[in-house]
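J.: Here you go, sequence then predicted model.
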Amino acid sequence: MIVHMFVADDISPAHEAEMVAREHASPATGSTPGGRTSWATTTWLFDIGAERTSPVARVRSALADLTADLNRLTRGTELAALLTELELITRSVEAATVKVMARADRADAFRDDGHGTLAGWVRSIIKWSPSEASARARTALTAHSYPALVERLDAGTLGVAQARRLAGLHANRRVRDELPIVFDTLADIAGALPYEDFNTAVLRWEQLADADGAHRHADVVHDSRDASVHPVGDTVYVDAHVGTAQGALILEVFERYVEAELRHDLEARDALGLTTMSDLPRTAAQRRADALHAIFCSAAVGSSPAPEPVVNILIDADTYEAALVAMHNDERLPSLARRPEDIHRRRCETTSGLMLDPIDVATASLLGHVRRVVVASDGTVIDLGRKSRLFTGAAREAIWMRRRRCVWPSCSRLHCEVDHRIPWSEGGRTSPDNGDPLCAKHNRWKTRGYRTHMNPRTKVIEVTRPDGSTISPV
Ligand SMILES: [Zn+2]
């Protein structure tokens, strides 16, 4: 029932407290110019018999309602719907937290008790780890310039990790001035793509927006390269760090050898009629160590297992030209990310996704150490029609350039086979626009009625279940 309350202005604080205790609820309050708190005239909902509940208790009660029937739920889809609901609540709570911290920053309130930073102040209130506190402080500071960050978080279209990643960009002074150009595009990508792909887009943009800084940093990393093989007691340590120009080749060769070790393990397991990854004879760590040993064995017998160019580099024509011009004129590289579409268009990386310094790539192309793949701004499409049932050669590489990892949601395995989106048996063509990377395991799942298709709006590859519903993370 609705109660209209009219209370005198000059009620004493003692009476206020008494009234709250008696009525189990407090109406809205306002401040008089003199600073005294007074009851305002107010209309409120008064539920007779109800306990007065704090916000925490109300949220807890809502959460208890959500999970009340938990033991009756057995289906993945029901539990997934519940998790989605909880995640949306988490995002709203994060948005509110960030808003309060942004207010503390605006009002300089964090300087109470002698704190010098927002993160330090908030850690005096809540036992967050230093990294949690800094991540939220960065997000709060970003919210001043980008209110849309908090709005998207609260609306649930942006995840907490994604919001923090965007705030990290804002904290990077070297790219901060250019962030307004791409902020909305990156936030859209965050909402549409898996986290790893969003993070790749952010890394790409960060590197291209500060191409000169990235180039000088690449030089520093290369100059400080180091490798050592040294025995300590009964262990031999192999330690090394190199820049991306050398690292691209090392990584490519290493991954090939690791993949070969995995194939051995899969064959050994399949021969025993076993099926799960835990049935493999070696751990992933052991396979990596054995792969490194195998590389040294190859060197010892002088054999080269790589008949093809070892590293394929993907660079767009504009970036390549900018790097050549900068080299020729002995100038700094300009920012290569001046328009939102540059996020989708600009590339300077190996086909396995290792980002490279454009100057290194331009140098290598002149020295002929790598095969150069220049993609036109409209993207190259190599259509092989229905000639071949398998994706091989250029068609497979064109798909790997678009994406190297398995497209199954949450699977991020490299070393995939390329699978027909519209099956070959149903007339699907063996062309790059009808192929997606799928790992061996998820390739098998497709035979159980799962289908892949491209969402025409977001251009993201989605997987649909046999019942037609889509596996799509929020
Ligand atoms: Zn997979």
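T.: Structure received. Quantities reported herein were computed from a predicted structural model and do not represent experimental measurements.

J.: Can you pull up the most central residue in the protein?
T.: By CA atoms, centre = their mean, the chain has its centre lying nearest to Tyr195, at 2.5 Å.

J.: Can you verify my assumption that that one contacts Arg164?
T.: No - the criterion here is CB atoms under 8 Å, and Tyr195 misses it with Arg164 at 11.1 Å. In short, each C-beta sits where N, CA and C put it, glycine included.

J.: Checking Glu349 next. Helix, strand or coil?
T.: Here Glu349 takes the strand state, with states given by DSSP: H, G, I helix; E, B strand; the rest coil.

J.: Any idea how many residues pack against Leu354?
T.: The tally of other residues near Leu354 (other CB atoms under 10 Å) stands at 14.

J.: what about the residue in the stretch 251-400 of the chain positioned nearest to the ion, neighbour count?
T.: Closest residue of the stretch 251-400 of the chain to the ion, CB to the ion: Met277 (11.5 Å). When neighbours are counted by other CB under 10 Å, Met277 registers 12.

J.: Give me the pLDDT for the residue in the stretch 1-150 of the chain that the ion sits nearest to.
T.: Per CB to the ion, Gly76 is where the stretch 1-150 of the chain lies closest to the ion, at 17.4 Å. Among the per-residue scores, Gly76 shows a pLDDT of 88.

J.: what about it, distance to Leu83?
T.: Relative to Leu83, Gly76 is positioned 10 Å away (CB to CB, to the nearest Å).

J.: Which one's more surrounded, these two?
T.: Leu83 (12 against 9).

J.: what about that one, distance to Met277?
T.: Counting by CB to CB, the gap from Leu83 to Met277 is 24 Å.

J.: Check which helix or strand the nearest residue to Phe391 once chain neighbours are set aside maps to.
T.: The spatially closest residue to Phe391, leaving aside those adjacent along the chain, is Val418, at 3.6 Å (CB to CB, 6 or more residues apart in numbering). Under the criterion of DSSP states H and E, Val418 resides in strand 417-420.

J.: got it, and Arg256?
T.: Going by DSSP H and E, Arg256 is part of helix 244-271.

J.: Averaged pLDDT, that helix. What do you get?
T.: On average, helix 244-271 scores 88.

J.: what does the stretch 301-450 of the chain put close to the ion?
T.: Listed as neighbours of the ion in the stretch 301-450 of the chain under the rule CB under 5 Å from the ion: Cys406, Trp408, Cys411, Arg413, Cys439, His442.

J.: Pick out the lowest-pLDDT one from those residues.
T.: The member of these with the lowest pLDDT is Arg413, at 79.

J.: Next, that one: secondary structure please.
T.: coil.

J.: Now it. Nearest residue, chain neighbours left out?
T.: Cys439 (4.0 Å).

J.: and Ser425, how many neighbours does it have?
T.: Neighbours of Ser425 using other CB under 10 Å come to 8.

J.: and what of Ala81?
T.: Ala81 has 12 nearby residues by other CB under 10 Å.

J.: Secondary structure element holding it?
T.: Going by DSSP H and E, Ala81 is in helix 76-106.

J.: which stretches of this protein aren't confidently modelled?
T.: 1-51, 303-310, 367-390, 393-394, 415 (pLDDT under 70).

J.: Could you chop it up by domain?
T.: As recorded under automatic domain parsing, the domains making up the chain are 2-52, 76-209, 226-301, 393-471.

J.: Skipping its backbone neighbours, what lies nearest Arg164 in space?
T.: Using CB to CB, 6+ apart, the closest residue to Arg164 is Ala135 (4.6 Å).

J.: So the residue in the stretch 101-250 of the chain positioned nearest to the ion versus Cys406, what's the distance?
T.: Nearest residue of the stretch 101-250 of the chain to the ion, counting by CB to the ion: Pro194, 12.1 Å away. From Pro194 across to Cys406, the span is 11 Å (CB to CB).

J.: Please enumerate the shared neighbours of these two.
T.: Ser412 (CB atoms under 8 Å, 6 or more residues apart in numbering).

J.: So which of those two has more stuff around it?
T.: Neighbours were counted for Pro194 and for Cys406 using other CB under 10 Å; Cys406 has more, 23 against 16.

J.: so how far is Ile89 from that one?
T.: 30 Å.

J.: swap in Thr447?
T.: 38 Å.

J.: Over to Lys446?
T.: Taking CB to CB, one finds Lys446 at 34 Å from Ile89.

J.: dump the residue contacts of Glu151.
T.: Ala95.

J.: Any buried residues in whichever helix or strand it is part of, and which?
T.: Taking DSSP H and E as the criterion, Glu151 maps to helix 147-155. Going by neighbour count (16 or more other CB atoms under 10 Å), the buried part of helix 147-155 is Leu149, Val150, Arg152, Leu153, Asp154.
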